[in-house]
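1. Sequence unavailable; structure follows:
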């Protein structure tokens, strides 16, 4: 590829294996990709970068046949193709290695490699042949795991290797890797990259989706950046550095979407103090929250924000201290933290937040049934009043109050969930992804609600993967990376670039 | 919002469907009554129907408890064995005559039965929740245990109430009438009313449905999921005990085969009644209707001559499958 003496614009057709032209995609009327171009050359590692929600995953799904584009065309070896769905594109040499592995835990390495295309002789499995072929591929990768090992017994890194071996054994020419190193240690990542480079030099093309800037710079040949579903730039990696990529990924202006920020007074009381909190993933978290403050928690998906918040709320096991006001909270006791005035609003409204088959009243009152009668009796009148209040306060717009929660729009569901959590009248509120999957109008309403709540003296933690949200709302931002708090930003320090530097691991500062 | 209009339309069709599901068992009951009347004019007589209802009382009572367990997303296979076990212990206790006054003796035995039922249910609940064992397996285990204990207590034979005085005094509990209605029917109506109040008007009922519908949502809402599930098993045990209290005076005897397959009849009644087997909905009046339908089908077969009454089991089996298919098709309409 290096020897090809042509500029970006005029490549010989043989050099481009897969290209996408003016790809657009919308789900339920929401457009997530706008006329995106993408081009993958033979024997290159092409990084696909962008913030959460920029459209990377959707583009990968379209290029691998898991989704069909709403418009635009895909060319394989210069010829227009319609990629077959559900992974059938493997037959064309296009393989996706998913973030969550698609390996059956009970099978052996050999069985996994040949799953669905077992080699038979006289109608019987030809185990010997399959084992030998598996060994050959593993040796090719320099991988030392046994071909008869059971998948469930392998380390995460080895499973990753098996996935790659599977791709090779299926003669993959184009491999998509979605955050392949999210679960790997540094040395495991290095070993993986060595294999990827080796395969690249043999002509395999890789599309590499990652949030880790340093990895992208070290590994990739070219970078394509997406932002808000739009193509922003494709350039050789050598012409970019971490700063410029971060700039390309964010670089958008904040609008009046966000309310006026109000800094809490420095002498306001500490309402929540977390000391040395440790869980399976979170390590030694320290922070505090003042009365009336809106504190942001930023970081990549999987950085441990949700686990930390759930542990604080008593929803998961932990060690370390959590104090609400002065009171020490027992670990794993939701009732105690709720009684102390802390409420946690989950980011997973469909699976952890709302009973989708139940109506609004049942959902609204589920967390606060004690308020609606004595001795376990529920007063229908009291609950109806609560629903009336909540619908007004949160502007939940449905015509029939008995509609099932699962049939409401995302925005209304989110408002209902917020209303449900607010029914316990918390003075410390943790909101995990306040605006996931909802329209801009509702977002704005929720932002203004949060700000108003803070002005009334409620203290709020906002966990969000959407940086503009964190910057627009919060007066102080904690950044997490790989289970640790790596930085606390205040005032003018709060910018997308600065947060990105911390969360991508380019910068770290000791936290008091 | 632009989507409001669409929502409105969806809402209406959904309500029609929900109504259908709640009404379906009662429609089926009406059709059966019509069929019965055509088959044999004696069928529709009040005497015959009261008899059928009285005979369905045991399954109905057990199925009320099963409605709680199933709504919370669990299953109890041990109820048939539990009937035999609790009844055996109750009769053996009465035969000891530790209390001279027969009336007091019967009252004490009833109390003992209720406590035994609650404890058996508690055991099921704790094994399922603390032991984190699938309720199907946990109660399959206790089903064997309660049955085995009964066989051992009866030494493979029957356990019979010995005191004629006690029998005479206790008889009205099953055979008696109050205001023209047989006692078992009144007990079923009373127990179901209480169950309906708990399920629809009390906090615990909300918790049961929430846990059965989505345990994660329940947990994130601060509900003690394991406690709710265990309590449902205890309620099931108490319902079984109430059935036993009515069952003992009927024959004054139990054996190792008492209550065999009752668990399946109870589950069938619950499902016919419109409660979803996967949890998250409860229709306790539907359950009663389901238990009545099961008994009614047997009665119609006895009174008619076209199907052998030996096929009752097969017909009841077919009914549960049809009930599920009807439920499914009503769900699909959405």
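-> Cool, got the structure. Model, not experiment: these values are computed from the prediction. Numbering: from 1, shown residues only, chains lettered A, B, ... in the order given.
2. remind me which residues of the chain are low pLDDT?
-> You didn't say which chain, so I picked chain A. Under the criterion pLDDT under 70, the flagged ranges of chain A are A:1-14, A:28-30, A:52-53, A:99-101, A:182-183, A:185, A:251-256, A:439-440, A:510-512.
3. think we crossed wires, I meant chain B
-> Ranges of chain B meeting pLDDT under 70: B:1-19, B:331-334.
4. Which residues are in contact with the residue positioned nearest the centre of it?
-> By C-alpha atoms, centre = their mean, chain B has its centre lying nearest to residue B:63, at 1.3 Å. Contact partners of residue B:63, counting by C-beta atoms under 8 Å, 6 or more residues apart in numbering or on different chains, are B:265, B:266, B:267, B:269, B:270, B:273, B:287, B:288, B:290, B:291. Every residue, glycine included, has its C-beta placed from N, CA and C.
5. where's it, which helix or strand?
-> If you go by DSSP states H and E, residue B:63 is part of helix B:57-71.
6. if I look at the residue of chain A positioned farthest from its centre, how far off is chain B?
-> The outermost residue of chain A relative to its centre, with distances by C-alpha atoms, centre = their mean, is residue A:122 at 47.6 Å. Going from residue A:122 to chain B by C-beta to the nearest C-beta, to the nearest Å gives 41 Å.
7. rewinding a little: quick check: angle from the next helix or strand after the helix holding residue B:63 to helix B:57-71?
-> The C-terminal neighbour of helix B:57-71 among helices and strands, as given by DSSP H and E, is helix B:79-96. Relative orientation of helix B:79-96 versus helix B:57-71 (axes from the mean of the first three to the mean of the last three C-alpha atoms, to 10 degrees): 130 degrees.
8. Let me know the next secondary structure element after the helix or strand harbouring residue B:29.
-> Assigned by DSSP H and E, residue B:29 belongs to helix B:4-39. Downstream of helix B:4-39, the next assigned helix or strand under DSSP H and E is helix B:46-55.
9. Pull the distance from that following helix to the chain's centre.
-> Relative to the chain's own centre, helix B:46-55 is displaced by 18 Å; criterion: C-alpha atoms, centre = their mean, to the nearest Å.
10. so how far is residue A:130 from the residue farthest from the centre of chain A?
-> Taking C-beta to C-beta, to the nearest Å as the measure, residue A:122 falls 15 Å from residue A:130.
11. same deal with residue B:232?
-> In this view, residue B:232 and residue A:130 are 50 Å apart by C-beta to C-beta.
12. Tell me where chain B has strands.
-> Applying DSSP state E to chain B gives strands spanning B:158-160, B:177-178, B:181-182, B:253-255.
13. So for residue A:503, which of these sits nearest?
-> Checking the strands of chain B against residue A:503 by C-beta to C-beta gives strand B:253-255 as the closest, at 69.2 Å.
14. So in that sheet, which strands flank the closest one, and in what orientation?
-> Sheet pairing of strand B:253-255 (DSSP bridges) gives strand B:158-160 (antiparallel).
15. Got phi/psi on the residue nearest to the spatial centre of chain A?
-> In chain A, the centroid-proximal residue (C-alpha atoms, centre = their mean) is residue A:301; its distance is 4.1 Å. Note on residue A:301: its backbone torsions stand at phi -60, psi 130 [degrees, to the nearest 10].
16. Residue B:26: neighbour count?
-> A count of nearby residues for residue B:26, using other C-beta atoms under 10 Å in any protein chain shown, gives 15.
17. check contacts around the nearest residue to it once chain neighbours are set aside.
-> Using C-beta to C-beta, 6 or more residues apart in numbering or on different chains and skipping the chain neighbours, the partner closest in space to residue B:26 is residue B:289 (5.8 Å). Counting by C-beta under 8 Å, 6+ apart, residue B:289 makes contact with B:25, B:26, B:29, B:272, B:273.
18. do the same with residue A:181
-> Residues in contact with residue A:181, defined by C-beta under 8 Å, 6+ apart, are A:188, A:189, A:192, A:210, A:212, A:215.
19. can you rerun that using 10 Å?
-> A:157, A:160, A:188-190, A:192-193, A:208, A:210-212, A:215, A:219 (C-beta atoms under 10 Å, 6 or more residues apart in numbering or on different chains).
20. Would you show me how to pick out the buried ones of those residues in PyMOL?
-> With 16 or more other C-beta atoms under 10 Å in any protein chain shown as the criterion, this PyMOL line picks the buried residues out of the contacts of residue A:181:
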select buried, chain A and resi 157+160+188+189+192+193+208+210+211+212+215+219
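21. Go through the contacts of residue A:181 and flag which are in helices.
-> Within the contacts of residue A:181, residues falling in helices by DSSP state H are A:157, A:160, A:188, A:189, A:190, A:192, A:193, A:215, A:219.
22. Look up how far residue A:145 lies from the first one.
-> Distance from residue A:157 to residue A:145, counting by C-beta to C-beta: 10 Å.
23. coming back round to it: ok, residue B:232 and residue A:130, which is more surrounded?
-> residue B:232 (30 against 21).
24. correct me, but the more buried one touches residue B:64?
-> No: contact criterion C-beta atoms under 10 Å: residue B:232 and residue B:64 do not qualify, at 11.6 Å.
25. OK, contacts around the closest residue to chain B within the stretch 201-350 of chain A?
-> Closest residue of the stretch 201-350 of chain A to chain B, C-beta to the nearest C-beta: residue A:334 (4.5 Å). By C-beta under 10 Å, 6+ apart, the residues touching residue A:334 are A:310, A:313-316, A:342-344, A:367, B:219-224.
26. Residue B:145: which of those residues is nearest?
-> Closest approach between the contacts of residue A:334 and residue B:145, by C-beta to C-beta: residue B:224, at 26.9 Å.
27. got a list of what that closest one touches?
-> By C-beta under 10 Å, 6+ apart, the residues touching residue B:224 are A:334, A:335, B:207, B:211, B:218, B:230, B:231.
28. can you check residue A:283 too?
-> Residue A:283 makes contact with A:276, A:277, A:304, A:308, A:482, A:483, A:484, A:485, according to C-beta under 10 Å, 6+ apart.
29. Kindly recompute the last result at 8 Å.
-> Contact analysis of residue A:283 by C-beta under 8 Å, 6+ apart lists A:483, A:484.
30. Now do the SS call for it.
-> coil (DSSP: H, G, I helix; E, B strand; the rest coil).
31. ok, and the closest non-adjacent residue to residue A:325?
-> In space, and not counting its chain neighbours, residue A:325 is closest to residue A:271: 6.1 Å by C-beta to C-beta, 6+ apart.
32. Around chain A, which positions in the stretch 201-334 of chain B sit nearby?
-> For the stretch 201-334 of chain B, the residues in contact with chain A (C-beta under 8 Å from any C-beta of the partner chain) are B:201-204, B:206-207, B:209-210, B:213-214, B:216-224, B:280-281.
33. got the residues of chain A near chain B?
-> Close to chain B, as judged by C-beta under 8 Å from any C-beta, chain A has residues A:315, A:334-335, A:338, A:344, A:346, A:351-358, A:362, A:365-367, A:369-370, A:372-373, A:376-378, A:380, A:397-400, A:402-404, A:407-409, A:411, A:420.
34. Many thanks, have a good one.
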